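K.L.:
just need the structure, nothing else, for what follows:
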Amino acid sequence: MTRVQNRRARARGGELDDCLRACAVHSGKLVGSIDRRRIELAEQLRKLLVVWGTTTAAPAPAAATGATALLKRAVKGTATPATGIANELLDALLAVANQALKCGYDDELNLALVISDTVLAQRKNSRAGWRLRARLMEALGDDAEALEAYEKYLGLTDDDGFGVRARIAGLRAASERERDLLALLRRQCPRAEEFTRGDATAVWAEGLAAHAVGDWAAAEPRLVGALLAMADAPVEDRQELLSQYLDLRIAVDTDVTARAELTDVLALYAEQRRTRMRGPVADPTVGGVQWISLGEFRNRIAGKSVALIANSGRVGASSMGAEIDAYDLVVRFNSFRLDPKHTGSRTDIHATIHKHGFNWEKQVDTRLVFGGVSGDWKWSLRNRLVPGAQTFLGDESLRWPVRNIGKLSTDVWSGIPTTGFNMLFLLDFLDVSPKLDLIGFDFYESGAYRVPEAMKLAITSVHEYTSEKAWVMDRAQSVTDMRISLR
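P.N.:
The predicted structure follows:
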């Protein structure tokens, strides 16, 4: 059975009660799993059930307590609040669906689809819901529905921090190149047309059988005909069969003419694959940006006072704008939000994790992009960097300071270092700033102060905020309510 048939047979959602019961039942299926992704999903499901238990009116039976009680209530069909889905419950459902999507298995994709349907039935203008739908449709190989969902997401937001426009451009360009590729195959193999009307799976099998006995003249039109007939199949299926066909053709196309035609096919195949993965790159030189290394960055900051501004609620109400702008260098992080009276107006250095695109379009002198995996980091730079928005860009020597410069392995520092800690560690390591102050760093005790689109981003548990705070306080020279001075 193909993925398209599987997709048609998938359960769909919409009713909140049914969705929550499906989550509770799925939670039971994960008991004893040793798959890391499913273990993380089980934890998100546990949190969802706890939230559900605290947002429903009817108490659990006295004989049942904890997660067992919640599961029993779920299966029995505890009523949800009459006012509809609460914000906390919505966030918990989205967290489950996003983790289910990361699992990628068919059962988990089914669960994510039920949740997606339910979220959008309850909140038709949920930005997170439409982005989830788009990513889910991509995973299911339905580009058309994915593009529609991405467009709806963009219609609901002014801040494209997740790089959705680039994703849309990549999917559309890849589809165009794939159509060009299939049109080229149709021209190169005219006999394929007579095999486009049969069952694609059967025709493909006939082509493989003909190839197996050395009859490429009979095999190729059947293989190409099957490919042409699969225009509505999921992307993953189409790409897999295209790859198989090209592997077979490479082995048999040996004369000069055949090789020239094959080169044209391979060029289109490679272009559509690249574009689907990374999106079109309008300016590979990134507007003539100047790359700087660790040593060059040191020289640029040497002897200058530095203020690192937290994205905290405390900063957002601080009235410290003028003081902040008085520093020689102002460093801001990720999805920072500006309010000149409270936060100041200057940003000299933007330090950001590579996974989000918030504020990458803001004009700064230096942008440092942090990331733990070199390949993912490079992909983000190609796809998210805005030409002309920065004069200097940190190179790979500045990619992951805590691990690569400080050499703090997971044995020494088990958590994933935050953007703020990577930046602070780098500045402390270089030790060339006569004044190094942290403004408003309370490690999220006062909540987040970010651009609106990022306000619902979870404060993730993969970071060691307690350890980072201890590291900072061990080195602090003075501490006030708003300022921690390390020099």
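K.L.:
all strands for the protein, in order.
P.N.:
290-292, 306-309, 329-333, 349-353, 364-370, 390-394, 436-439, 478-479, 483-485 (DSSP state E).
K.L.:
redo these as JSON lines? Include mean neighbour count.
P.N.:
For glycine as for every other residue, the C-beta is placed from the backbone atoms N, C-alpha and C. Conversion of the strands of the chain to JSON lines gives the following (neighbours: other C-beta atoms under 10 Å):
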{"stretch": "strand 290-292", "mean neighbour count": "14"}
{"stretch": "strand 306-309", "mean neighbour count": "25"}
{"stretch": "strand 329-333", "mean neighbour count": "24"}
{"stretch": "strand 349-353", "mean neighbour count": "24"}
{"stretch": "strand 364-370", "mean neighbour count": "22"}
{"stretch": "strand 390-394", "mean neighbour count": "20"}
{"stretch": "strand 436-439", "mean neighbour count": "23"}
{"stretch": "strand 478-479", "mean neighbour count": "11"}
{"stretch": "strand 483-485", "mean neighbour count": "18"}
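K.L.:
for residue 16, which of these is the nearest?
P.N.:
Comparing the strands of the chain against residue 16 with C-beta to C-beta, the closest turns out to be strand 349-353 (33.5 Å).
K.L.:
show me what that closest one is packed up against.
P.N.:
Under the contact criterion of 3 or more C-beta pairs under 8 Å, 6 or more residues apart in numbering; DSSP states H and E, the helices and strands touching strand 349-353 comprise strand 329-333, strand 364-370, helix 419-430.
K.L.:
which of those sits closest to residue 210?
P.N.:
Between residue 210 and the helices and strands packed on strand 349-353, the shortest separation by C-beta to C-beta is 51.1 Å, and it involves strand 364-370.
K.L.:
kindly export the closest one (C-alpha atoms) in PDB.
P.N.:
In PDB, the C-alpha atoms belonging to strand 364-370 read as follows (Å, rounded to 0.1, in the frame of the first residue of the first chain):
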ATOM      1  CA  VAL A 364      23.300  45.200  13.000                       C
ATOM      2  CA  ASP A 365      27.000  45.500  12.800                       C
ATOM      3  CA  THR A 366      27.800  41.900  13.800                       C
ATOM      4  CA  ARG A 367      25.600  38.800  13.800                       C
ATOM      5  CA  LEU A 368      26.700  35.600  15.600                       C
ATOM      6  CA  VAL A 369      24.700  32.600  14.800                       C
ATOM      7  CA  PHE A 370      25.100  29.600  17.200                       C
END
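K.L.:
what lines up beside it in the sheet?
P.N.:
Strands flanking strand 364-370 in the sheet, each with its direction: strand 349-353 (parallel), strand 390-394 (parallel) (DSSP bridges).
K.L.:
residues in contact with it?
P.N.:
Counting by C-beta atoms under 8 Å, 6 or more residues apart in numbering, the neighbours of strand 364-370 from elsewhere in the structure are 292, 297, 300, 347-354, 360, 377, 380-381, 385, 389-394, 398-401, 419, 422-423, 426.
K.L.:
how about low-confidence regions in this protein?
P.N.:
Applying pLDDT under 70 to the chain flags residues 1-13, 56-84, 281-285, 458-464.
K.L.:
does residue 477 touch residue 486 like I think?
P.N.:
Yes: using C-beta atoms under 8 Å, residue 477 makes contact with residue 486 at a distance of 6.2 Å.
K.L.:
between the strands of the chain, which gets nearest to residue 278?
P.N.:
Residue 278 lies closest, by C-beta to C-beta, to one member of the strands of the chain: strand 364-370, at 15.6 Å.
K.L.:
redo the strands paired with strand 364-370 as CSV? Include distance to residue 156.
P.N.:
Below are the strands paired with strand 364-370 laid out as CSV (distance: least, C-beta to C-beta, whole Å):
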stretch, distance to residue 156
strand 349-353, 23
strand 390-394, 28
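K.L.:
looking at the ones you listed, which is closest to residue 287?
P.N.:
Residue 287 sits nearest to strand 390-394 of all the strands paired with strand 364-370, at 8.4 Å, using C-beta to C-beta.
K.L.:
centre of the chain versus the closest one, how much separation?
P.N.:
Using C-alpha atoms, centre = their mean, to the nearest Å, we find the averaged C-alpha position of strand 390-394 to lie 23 Å away from the chain's own average C-alpha position.
K.L.:
how much does that strand deviate in direction from helix 419-430?
P.N.:
Calculated by axes from the mean of the first three to the mean of the last three C-alpha atoms, to 10 degrees, strand 390-394 forms an angle of 80 degrees with helix 419-430.
K.L.:
not counting its own residues, what contacts strand 390-394?
P.N.:
Applying C-beta under 8 Å, 6+ apart, the contact partners of strand 390-394 are 286, 289-292, 297, 300, 350, 363-369, 381, 385.
K.L.:
so which of the helices and strands packed on strand 349-353 gets nearest residue 199?
P.N.:
It is, among the helices and strands packed on strand 349-353 and with distance given as C-beta to C-beta, strand 364-370, at 48.9 Å.
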